[in-house]
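> Quick one, fold the following:
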Amino acid sequence: MQISTLLRIEAYQRTASAGISPHSSLESNAELFMPETHRETRSVAAASTSLRIIAAAIVIAALYYASSILITLICAVFIAFVLEPPVRLMERLRLPRWLGSLIVVVLTLAAMYVLVYLAYDHVVDFLNTIPHVVATVQRMVAQLELWARSLGPGASTLLPSAPDTSVPTVRLQQEESPWTQFLLRGIGSVYAFTVTVAFIPFLVFFMLASKNHIWAATLNLFPVHRRQQTEDVIGGITAMVRQYVLGNILVALISAAMILPVFVAVSLPYPLLLALFAAFLSVIPYIGVALGMLPPLLMAVAHDDSVGHLVAIAVVVFLVHFVAVNVLTPKLVGRRVKLNALSVTLSMMFWGWLWGGPGLVLAVPITAGLKAICDNVQSLRPFGAWMGEG
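Next comes the predicted model:
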């Protein structure tokens, strides 16, 4: 210890005798090492950014190629969340959990079968009228084009040029329309969709029957001091997703009950089916009102309804959507799940691009689930606040 102290004093005296400040010497040495330190910091930051980009690309690729499995799993999880309260009621009645889960799943399938049986004929008749609706809309578009061309050469340049009928053309008939390909993008084919739907009841039953084991096994994945926090987070997410799904179903059914009398009064074909379409589509935030108006308006136009009927249909769908958003949704769904317009639009764009039609249907529930996770995890709460309405 004394030797090292003497050496330091001697070095200090030599530096002072040479006319060099010891502090400036230390600063010069630090300046020599600072560029290398900055280069190392920049290289580490660049490597970290590259790894994050690669990880994001891998996750997106996994979501795309495993779409059918993930869509099936997400639907099963949401249905299991909704059916959990009836299973708990069965447990209070002293029934084994597996038996209560089986009874709830079988009753749910029976109720869905009855609904499909009652609506099958109406749905088939409605689908048979779609070509007539499309032909009517095409005739209206053709008349608008003729009217625009009659306005003069300036207006006709804005329209696509008519095809030359003197030149023979060859048309290749596609096996599936672009709409069909978009709707089945995340599933693959009608056969794959049927297999996917067939797996969902089994997954729901296993999730409900093995809930206690799955819950305990999930908590064991975390350290002991964080298990209570994990349990609170999972419980909050479950309650929020259940509230979101059940609340929106109730909002859609109440909205359909308010729309139905007006559709019957204007003699709109298939009033119950179109009221359900308009109500469930209007549940979609921000763009739902436009989507909800589209099916009944097209059906009214195809049946040559008067302008007054078209105005009545549009007004009632808009007013019911306004009541649902400002009165029913805050009461039945709650304000904790509300998403802002930007997050909803981005989620629908992303999941629609990734999974097609199923992605559009699941975009808002998935985003609500992600927001629930962010709201219940301390480090992710700023992201949850960004997705919410504030």
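> Report the secondary structure element holding Val262.
helix 227-265 (DSSP states H and E).
> I'd like the next helix or strand past that helix.
Trace forward from helix 227-265 with DSSP H and E and the next one is helix 271-282.
> Check which helices and strands the helix or strand that comes right after that following helix is in contact with.
Remark: after helix 271-282, the chain's next helix or strand is helix 288-302, criterion DSSP H and E. Where contact means 3 or more CB pairs under 8 Å, 6 or more residues apart in numbering; DSSP states H and E, helix 288-302 is packed against helix 97-150, helix 271-282, helix 307-323. All C-beta spots, glycine's among them, are computed from the backbone N, C-alpha and C.
> Now find how far off-centre stretch 321-329 is within its chain.
Computed by CA atoms, centre = their mean, to the nearest Å, the chain-centroid distance of stretch 321-329 equals 20 Å.
> what does that stretch contact?
247-248, 250-251, 254-255, 258, 282-283, 288-289, 292, 338 (CB atoms under 8 Å, 6 or more residues apart in numbering).
> Can you name the two of these that sit furthest apart?
Using CB to CB, those span at most 21.8 Å, a distance reached by Met258 and Lys338.
> State the phi and psi torsions of the residue nearest to Val251 when sequence neighbours are not counted.
For Val251, ignoring the flanking residues on the chain, the nearest one in space by CB to CB, 6 or more residues apart in numbering is Leu328 at 4.7 Å. Phi and psi for Leu328, reported as degrees, to the nearest 10, are phi -70, psi -50.
> Leu328 - how many residues pack around it?
For Leu328, the neighbour count with other CB atoms under 10 Å is 20.
> and if you look at Cys374?
A count of neighbours around Cys374, defined by other CB under 10 Å, yields 18.
> Who's the closest spatial neighbour of it, skipping the chain neighbours?
Nearest residue to Cys374, sequence neighbours excluded (CB to CB, 6+ apart): Gly384, at 3.2 Å.
> Flag every buried residue along the host helix or strand of that neighbour.
Element membership for Gly384 (DSSP H and E) is helix 381-387. Within helix 381-387, the residues that qualify as buried are Phe383, Gly384, Met387, counting by 16 or more other CB atoms under 10 Å.
> Leaving out sequence neighbours, find the closest residue to the last one.
Nearest residue to Met387 in three dimensions, chain neighbours excluded: Ser343, at 4.2 Å (CB to CB, 6+ apart).
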